[in-house]
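Trainee: What follows is a predicted protein model with its sequence.
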Amino acid sequence: MPVVRQNPVVIVPGVLFWDSLYEVMRDALSAWIPAEKIAIAPVTLLDWIGLPPSPERSTNRVMAVLDRTVRGMASRFPGEPVTIVGHSGGGTVAMVYLLERPFQGDVYAVNGMVGRLVTLGTPFHTHEHFAKIKTDFIFSHLSPEFFRKYQVVSVVSDRYEGALDGGITEKLCYMFYRGVTDDGNLAGDGVVPARSCFLEGAENVTIPECEHLPAPHTKWYGTKDGVEQWIKWL
């Protein structure tokens, strides 16, 4: 088994996903890290959508949940910087949070509570409207100093090829990938093309056998098989 850092971990769900879907990831991680050192930010579907619907404010709502969770773990394990694991769009929410710059009026003082960010299938390059609100903000404030302050690892799978003239799986991947970038003829995790997750300044890791969606009976990033492929970068 690989040697794994024993820092506390906070998991951030992806866009339109909620905390209970990530219990399988917490269970898988507990093979390497004590279960009491792993928390899932209690994000709900309503946090992403809003009531009344206001998806443009979703990042602010999820950041508030993330901050409470990080502070709770930092209080329980003083002196041990938290590692944030962000899945999909949860990864860009985590990066907005760590930038410590006002985002739509909200800013948080992280104050050394976090030392590392691992993103799983997080597109940093996208033309999807609500995702681009985050990524435009990130690139307007990102600097080499950020990567000296936080170790960032961007993990993505290239298991599935997108192709409009392929079979049903390749066609579906093509359509998903075109929703992120201008080209669907790419390799990715079934929803996000791998190259959209490559971030200059981060350690970019491509793994072979993961799927994006946290659905039953899939080998997504949070299953035992999925976690085993990226755990050494935690």
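Mentor: Sure thing, it's come through.
Trainee: In the protein, what residue spans correspond to helices?
Mentor: 23-29, 45-49, 58-76, 89-99, 129-141, 144-149, 168-178, 224-230 (DSSP state H).
Trainee: OK, contacts around the closest residue to residue 112 other than its chain neighbours?
Mentor: Distance criterion C-beta to C-beta, 6 or more residues apart in numbering; nearest residue to residue 112, sequence neighbours excluded, is residue 81 at 6.7 Å. Yep, even glycine has a C-beta here, placed from its N, CA and C like the rest. Residue 81 is in contact with 7, 112, 113, 114, 115, 116, counting by C-beta atoms under 8 Å, 6 or more residues apart in numbering.
Trainee: top of the residues you listed by neighbour count?
Mentor: Within those, residue 114 tops the neighbour count with 23 neighbours, counted by other C-beta atoms under 10 Å.
Trainee: Quickly list what it is bridged to.
Mentor: In this entry, residue 114 is beta-bridged to residue 82, by DSSP bridges.
Trainee: residues touching it, list them.
Mentor: Per C-beta under 8 Å, 6+ apart, neighbours of residue 114: 70, 81, 82, 83, 84, 98, 150.
Trainee: again, only using 7 Å
Mentor: By C-beta atoms under 7 Å, 6 or more residues apart in numbering, the contact set of residue 114 is 70, 81, 82, 84, 98, 150.
Trainee: In this structure the fifth one contacts residue 151, no?
Mentor: To tie it back to what came earlier, the one meant is residue 98. No - contact between residue 98 and residue 151 fails when scored by C-beta atoms under 7 Å: they sit 11.2 Å apart.
Trainee: More neighbours: the two, which one.
Mentor: residue 98 (22 against 15).
Trainee: Let's see the pLDDT reported for the more buried one.
Mentor: We note a pLDDT of 98 for residue 98 in this prediction.
Trainee: Repeat that for residue 216.
Mentor: pLDDT, residue 216: 85.
Trainee: For burial, what's the neighbour tally of it?
Mentor: Counted with other C-beta under 10 Å, residues neighbouring residue 216 total 8.
Trainee: and it, what are its phi and psi?
Mentor: Per-residue torsions, residue 216: phi -60, psi 150 (degrees, to the nearest 10).
Trainee: For residue 115, see how far away it is.
Mentor: Distance, residue 216 to residue 115, using C-beta to C-beta, to the nearest Å: 33 Å.
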